[in-house]
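Participant: Below is the sequence, then the predicted model.
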Amino acid sequence: MPSKASHLISSSNSTADALRVVGQNNDIGLRETLQEIGIAGAVISYTSATLAMKHGYLVGFDQLRMDPVRTGNLLSYASLIWQNRSEDFNADALADKAVFTGENAIEASRALLACHSELSLRFGYFAVVQVPGIGGATLRALLFRTRDDGPFTAEIQRNFKLTLPLITHIAETEMQTAAESRHMERLETLLDRVSLAIFMLDGQGKPHYCNAAARAMLLDKTMMRLSPEGTVRGATLATTRSLQEAIKAAVASGEDRTEIAVRLEGPDGWLLGFVVTASHSLDGSRSAMLLVNLQRSGDASGAMLEALGLLRSEQRFLTQFLEAKSLSEAAQRSGLSDETAKTYLKRIRAKLGVHRQMELARLIYGLIPPLRADEKIAKSAN
């Protein structure tokens, strides 16, 4: 049974970091490796030069796994010792308070003194390791042995140094994974802000990514839904068939620029979706991307219309005009006479450089940012 005693240290030595440490239990076999060379516990920190990140592990501190405060104290304790010892491998007895000498004795808080006392009860000896890596990387470690194990020896020091390439490789690999994960999280957060529904689908039509707008469509089930097999379906049999054919055609296409329009029917009208070929996945297969524009109104933001030179009164009239069936209805809604409404419309067209009603509508609809409705409401409120 693999041990679960190595805990990920995310960045520095604060209690907030400790919360992330105890929230993960990332066993990579370090406990067994260190125990084989006579090390009962360790705090290891590795700072990458290429990724500008810090990564590390608590090894052999199972009792701290659910206590972020004590974990934070241990991280602060190790950091303080690393700051005041420059030797690449300094071993000593873990006598009570002996570790806090000189300047770091002043910095040692009650919590750190309590942490030291707790460590002294469990361990008898410690070693401070600081090893500069390639290109500015740094590995720091605080190693512990029990009183029964005895002091650190030259052989233990040699054996620990033999493990450094393994620790470095593991840390760099996990930091790269963490960086990619954060990048994906930021990307997904951005994609969740748009009202454009984005579906990433395999050749069978099963989604392996949906943004917030796409998830809302599937939950609403009026235009699209998931089948019991997990594939996307339309509201009608004809829509489902068209959608499936478009997805298969996009995935099978050898052209990366394939675009297939699909009309998505629903009880409240229809929406236009575009199925495009996505790039190759990790297993070499192609994916399809379905894009659905959910915008239904001409609610362009006042800031955009103002930037185009429209006065507030002209903006209000334009909104009524685009929603009304005629110029007279727009005038009535705006509380204007027909002649005044004609003057407003003439000025608006002149400012926007359009001459026909369709051109005006197309321009305004093109100004609508593809943000979710709640985002646009928040922006207008500000």
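Facilitator: All right, it came through fine. Numbering: from 1, shown residues only.

Participant: Residues in a beta bridge with the residue nearest to residue 150 when sequence neighbours are not counted, which ones?
Facilitator: Spatial nearest neighbour of residue 150, excluding adjacent residues (CB to CB, 6 or more residues apart in numbering): residue 125 at 7.3 Å. Using the backbone N, CA and C atoms, a C-beta is placed for each residue, glycine as well. For residue 125, the beta-bridge partners are residue 93, residue 145 (DSSP bridges).

Participant: got the contact list for residue 125?
Facilitator: 91, 92, 93, 94, 144, 145, 146, 147, 149, 150, 151, 152 (CB atoms under 8 Å, 6 or more residues apart in numbering).

Participant: Let me know the closest of those to residue 206.
Facilitator: Relative to residue 206, the closest of the contacts of residue 125 is residue 144; by CB to CB it sits at 49.8 Å.

Participant: what about the closest one, neighbour count?
Facilitator: 23 (other CB atoms under 10 Å).

Participant: Please report the distance of it from residue 42.
Facilitator: Distance of residue 144 to residue 42, given as CB to CB, to the nearest Å: 7 Å.

Participant: Need the overlap of contacts for these two.
Facilitator: residue 60.

Participant: pretty sure residue 176 is in a helix, no?
Facilitator: Yes. The assignment for residue 176 is a helix, going by DSSP: H, G, I helix; E, B strand; the rest coil.

Participant: just the helices in this structure please.
Facilitator: According to DSSP state H, the chain carries its helices in the segments 15-22, 30-36, 68-84, 103-107, 110-122, 154-192, 212-220, 237-252, 302-307, 312-323, 327-334, 338-352, 357-366, 373-381.

Participant: Mean neighbour count for those - can I get that in JSON lines?
Facilitator: Below are those laid out as JSON lines (neighbours: other CB atoms under 10 Å):
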{"stretch": "helix 15-22", "mean neighbour count": "19"}
{"stretch": "helix 30-36", "mean neighbour count": "18"}
{"stretch": "helix 68-84", "mean neighbour count": "21"}
{"stretch": "helix 103-107", "mean neighbour count": "12"}
{"stretch": "helix 110-122", "mean neighbour count": "15"}
{"stretch": "helix 154-192", "mean neighbour count": "14"}
{"stretch": "helix 212-220", "mean neighbour count": "17"}
{"stretch": "helix 237-252", "mean neighbour count": "17"}
{"stretch": "helix 302-307", "mean neighbour count": "14"}
{"stretch": "helix 312-323", "mean neighbour count": "18"}
{"stretch": "helix 327-334", "mean neighbour count": "17"}
{"stretch": "helix 338-352", "mean neighbour count": "16"}
{"stretch": "helix 357-366", "mean neighbour count": "14"}
{"stretch": "helix 373-381", "mean neighbour count": "12"}
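
Participant: circling back to that earlier point, ok, of the contacts of residue 125, which come out buried?
Facilitator: 91, 94, 144, 145, 152 (16 or more other CB atoms under 10 Å).

Participant: of all these, which comes closest to residue 61?
Facilitator: Using CB to CB, these come closest to residue 61 at residue 144, 9.5 Å.

Participant: Go ahead and confirm the closest one touches residue 44.
Facilitator: No. Under the criterion of CB atoms under 8 Å, residue 144 is not in contact with residue 44, lying 11.7 Å apart.

Participant: low pLDDT regions in the stretch 101-250 of the chain?
Facilitator: 101-107, 133-135 (pLDDT under 70).

Participant: what do you get if the cut-off is 80, keeping everything else the same?
Facilitator: Scanning the stretch 101-250 of the chain for pLDDT under 80 picks out the ranges 101-109, 132-137, 171, 174-175, 178-184, 190-191, 193-195.

Participant: if we can go back for a sec, in CSV: the helices of the chain, plus distance to residue 140.
Facilitator: Shown next, in CSV, are the helices of the chain (distance: least, CB to CB, whole Å):
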stretch, distance to residue 140
helix 15-22, 15
helix 30-36, 15
helix 68-84, 5
helix 103-107, 15
helix 110-122, 17
helix 154-192, 11
helix 212-220, 41
helix 237-252, 49
helix 302-307, 51
helix 312-323, 61
helix 327-334, 70
helix 338-352, 63
helix 357-366, 56
helix 373-381, 44
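
Participant: Quickly note the distance from residue 51 to residue 204.
Facilitator: From residue 51 over to residue 204 (counting by CB to CB), the distance is 37 Å.

Participant: wait, I meant residue 220
Facilitator: 22 Å.

Participant: for residue 161, same thing?
Facilitator: Applying CB to CB to residue 161 and residue 204 gives a distance of 52 Å.

Participant: Residue 215 now?
Facilitator: Taken as CB to CB, the span from residue 215 to residue 204 is 19 Å.

Participant: same question, residue 288
Facilitator: From residue 288 to residue 204 the distance is 10 Å (CB to CB).

Participant: Next: residue 66.
Facilitator: 42 Å.

Participant: Ok, residue 58 next?
Facilitator: Residue 58 is 44 Å from residue 204, by CB to CB.

Participant: do the same with residue 85
Facilitator: From residue 85 over to residue 204 the distance is 59 Å, taken as CB to CB.

Participant: before we move on, what about residue 266?
Facilitator: Distance from residue 266 to residue 204, by CB to CB: 23 Å.

Participant: higher neighbour count, those two?
Facilitator: The neighbour comparison of residue 266 against residue 204 (other CB under 10 Å) goes to residue 266, with 17 against 13.

Participant: So that one sits against residue 225, correct?
Facilitator: No. Residue 266 lies out of contact with residue 225 (CB under 8 Å); the separation is 10.8 Å.
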